[in-house]
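Asker: Got a sequence here, can you model it:
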Amino acid sequence: METTNSVIFSCPECNQQVEVHAKAAILNTLNLYHEESVPKPIAETIIGNTVYCPKCGDRFTVMLDTHSATVPLFLRKG
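Answerer: Numbers count the residues shown, from 1 in each chain. Presented below is the predicted three-dimensional model:
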């Protein structure tokens with residue numbers, strides 16, 4: 001079942017909260033995430049989308065933060 005999810009970003013220019021809607025096959029009916037904690041299936045649906053800030057009017061593109069101080073790690077057998 002596809003549900004509507006929202007991701008909250010902070011505008012890099014004016015710090016206004018900007019909400020981006022995403023659709024992903026997540027079982028919950030409605031989810032709200034902040035930019036630093038978005039599940040991969042949801043992130044994959046909005047990366048590259050254009051976002052407009054309602055306060056300052058600037059335009060941004062949703063990107064993956066490759067300069068993050070933390071990255072997810074896992075162990076793989078072998």
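Asker: Now the least confident helix or strand in the chain by mean pLDDT: buried residues?
Answerer: One helix or strand of the chain scores below all others by mean pLDDT, DSSP states H and E: strand 30-34, with a mean of 84. For strand 30-34, a neighbour-count test (16 or more other C-beta atoms under 10 Å) marks Asn31, Tyr33 as buried. Backbone N, C-alpha and C define where each C-beta goes, glycine included.
Asker: How about residues contacting the very next helix or strand once past it?
Answerer: Under the assignment DSSP states H and E, the closest C-terminal helix or strand after strand 30-34 is helix 40-46. For helix 40-46, contacts defined as C-beta atoms under 8 Å, 6 or more residues apart in numbering pick out Asn5, Val7, Val20, Ala22, Lys23, Ala24, Ala25, Ile26, Asn31, Tyr33, Val62, Leu64.
Asker: Give me the distance from helix 40-46 to the chain's centre.
Answerer: Relative to its parent chain, helix 40-46 has a centroid offset of 7 Å by C-alpha atoms, centre = their mean, to the nearest Å.
Asker: How about stretch 18-27?
Answerer: 8 Å.
Asker: and if you look at stretch 46-66?
Answerer: Distance, centroid of stretch 46-66 to centroid of chain: 10 Å (C-alpha atoms, centre = their mean).
Asker: how about it: buried residues?
Answerer: Under 16+ other C-beta under 10 Å, the buried positions of stretch 46-66 are Ile46, Val51, Cys53, Phe60, Val62.
Asker: OK, contacts around the last one?
Answerer: The contact partners of Val62, by C-beta under 8 Å, 6+ apart, come to Phe9, Val20, Ile46, Ile47, Gly48, Asn49, Thr50, Val51.
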